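Visitor: Need coordinates for the following:
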Amino acid sequence: MKETFINLLIGIETFFTEYQFTKDFLITCLGVIFGGGITILINRGAIRKEAYFKLQYETLSELIDEVYQLEKSIEHLEIGLSFGNRETVTFEDQITSIEKNALALNEVFREKRNLIHHCLTGVMLEESAHIPGTFLGIFLDKEKASLTNLRRKKMLSTEDIEKLRILTIDVRRLKNQMIDSLESIIFPGFFSKVIRNLKKIKVVCGNLYGIWKVNRRKSNK
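Guide: Prediction:
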């Protein structure tokens, strides 16, 4: 068996020595086949990464827009109640709409987290779950409400208005966390994270400078 294998190798070597063109042709064919296989594997990996990036980007962008709309709805409601007589009957439709949107948003968070759990964290999910409960608690008349009849307060107190304002800030914070997560997808890596943090400092400093500049201009008039 050993001698047969050795003789086979000698025969192959002799054949390629006598027919150099065949050797070069065979090596070229093997190189093309091997290189083509590697190229296919690389392209498949790149396609998968691109598809997952697109899924993360589009899903997170849509969620950010929904959170932004909820933030503005709560903010407008808080402003309307603050500058009015604080009676809830005038804003019945807005209150009902916000309750539905807040509950729906949390359901979407739970559904989408399974798809993009790297950028939609468990903390974000938990914060989205607190929004409808907090909002309902502000308007719920605890003395008259029951499990079968969730009656709302006819008028909010100044403390309730403040809670509504704080809820607006919490929703805005959730939106900003999601924006940071979206930026980390677009610009991954440690250095990109450092640049993003420096950008936040730059924005804050720019805002403070703007306030100082405008106040100084008005004081000089």
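Visitor: quick one: Gly137 and Asp93, what's the gap?
Guide: Distance of Gly137 to Asp93, given as Cβ to Cβ, to the nearest Å: 20 Å. All C-beta spots, glycine's among them, are computed from the backbone N, C-alpha and C.
Visitor: so which helix or strand takes in the nearest residue to Phe109 once chain neighbours are set aside?
Guide: Closest residue to Phe109 apart from its sequence neighbours, by Cβ to Cβ, 6 or more residues apart in numbering: Ser128 at 4.4 Å. Assigned by DSSP states H and E, Ser128 falls within helix 122-139.
Visitor: Next secondary structure after that helix?
Guide: helix 158-186.
Visitor: got the buried residues for that next one?
Guide: Going by neighbour count (16 or more other Cβ atoms under 10 Å), the buried part of helix 158-186 is 160-161, 163-164, 167-168, 171-172, 174-175, 177-178, 181-183.
Visitor: Give me the helices and strands touching that helix, please.
Guide: Using 3 or more Cβ pairs under 8 Å, 6 or more residues apart in numbering; DSSP states H and E, the elements in contact with helix 158-186 are helix 20-82, helix 122-139, helix 190-219.
Visitor: Could I get the average pLDDT for the last one?
Guide: Mean pLDDT, taken over the full extent of helix 190-219, equals 57.
Visitor: again with the second one
Guide: For helix 122-139, mean pLDDT is 91.
Visitor: and what of the longest one?
Guide: This predicted structure assigns helix 20-82 an average pLDDT of 75.
Visitor: Give me the contacts around the helix or strand following it.
Guide: Toward the C-terminus, helix 20-82 is succeeded by helix 92-113 as the next helix or strand (DSSP H and E). Outside helix 92-113, the residues within contact range by Cβ atoms under 8 Å, 6 or more residues apart in numbering are 59, 63, 66-67, 69-70, 73-74, 76-77, 80, 88, 120, 122, 124-125, 128-129, 131-132, 135-136, 139, 152.
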